[in-house]
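Asks: output the structure for:
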Amino acid sequence: MIKKGQLVRWNDSKGYGFIRCEVQGSEQATQDIFMHMSALEPMARRPLVGDTIYFQIEAQADGKQRAFAARIEGSEIGTDGNKRRKAAIKPVKPQKPIKGVLYRIAIMLVVLAIASFVYNKTIAAMTANTANTALPVISNAVAADDSQISQAFKQQLSGIQVQSSGIVSRILADDNKGSRHQRFIIKLNNGQTLLIAHNIDLAPKINGLKEGDTVSFYGQYEYNDRGGVVHWTHHDPNGRHVGGWLKHQGKTYQ
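Replies: Take a look at the predicted model:
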């Protein structure tokens, strides 16, 4: 069921906030629903307090409610160099959803083709060279990922799947508001810093993490002016989002 509410709190650096809406069956009672940035369909701008939000509600495994399939009233889809389908909760003509699905499938095939090319090129180089020359090949692969993250930061892009590794430069207190997140800052090879926000309601926490440790990650990049945030470093129990992970000292957390 599509609901309508007002965004009453929003933390842009962390990428989440709360929507206030009426309780079903009551014209006076209200409730605040948690909304993460990933719940929003592609918008021309980031949400602001006071925005009217159309959304649906889902219950999490722990019984808490959160918004999904959300959109900002009056906000059109932005163009950031990548064509993206128009977010719409209202009914549309039958052919538009089909075109949107076909377009996303085409994009996915292109991404898979690029990933396959990089993988095959790396394997071929490792096979042709000795063990001593294999290390620069791996280093180049990481640098390419850092370049993608750097480009996303420069162009202020969000919602991009990224993979790389870095050195832990600072460990922050866990964020226990709404869904709990383990938070720490890593520094990439190119000097850029990233905030890692790892949902510990859906994935194990990295215990014993220290500054100076190396952490590899795969997740969704969100822009902010301090280098960006990487979240969705875990599986999606609802199967609607690409699963991510963290790797620390040979152990995978997802």
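Asks: report how many residues lie close to residue 213.
Replies: Residue 213 has 16 neighbours, counted by other C-beta atoms under 10 Å. Bear in mind the C-beta positions are built from the backbone N, C-alpha and C, glycine included.
Asks: does it really touch residue 169, like I thought?
Replies: No. Here residue 213 does not reach residue 169: they are 10.1 Å apart, not a contact under C-beta atoms under 8 Å.
Asks: mind listing the strands for this protein?
Replies: 3-11, 16-22, 30-36, 52-59, 65-72, 160-171, 181-187, 193-199, 214-222, 229-231, 245-248, 251-253 (DSSP state E).
Asks: show the low-confidence segments of the chain, by residue range.
Replies: Low-confidence segments of the chain (pLDDT under 70): 26-27, 76-97, 99, 122-144.
Asks: could you pull up phi and psi at residue 192?
Replies: phi -70, psi 140 (degrees, to the nearest 10).
Asks: I figured it hits residue 147, correct?
Replies: No. Judged on C-beta under 8 Å, residue 192 makes no contact with residue 147 at a distance of 10.2 Å.
Asks: more neighbours, those two?
Replies: More neighbours surround residue 192 than the other of residue 192 and residue 147, with 18 against 14 (other C-beta under 10 Å).
Asks: go through the strands of the chain and pick out the most buried.
Replies: strand 229-231 (a mean of 24; mean count of other C-beta atoms under 10 Å).
Asks: contacting residues around it?
Replies: 13-15, 36, 38, 162, 181, 194-199, 217, 219-222 (C-beta atoms under 8 Å, 6 or more residues apart in numbering).
Asks: for residue 174, which residues are in contact?
Replies: 180, 181, 182, 183, 200, 205.
Asks: quick one: the last one from residue 145, how far?
Replies: In this case it means residue 205. 24 Å (C-beta to C-beta, to the nearest Å).
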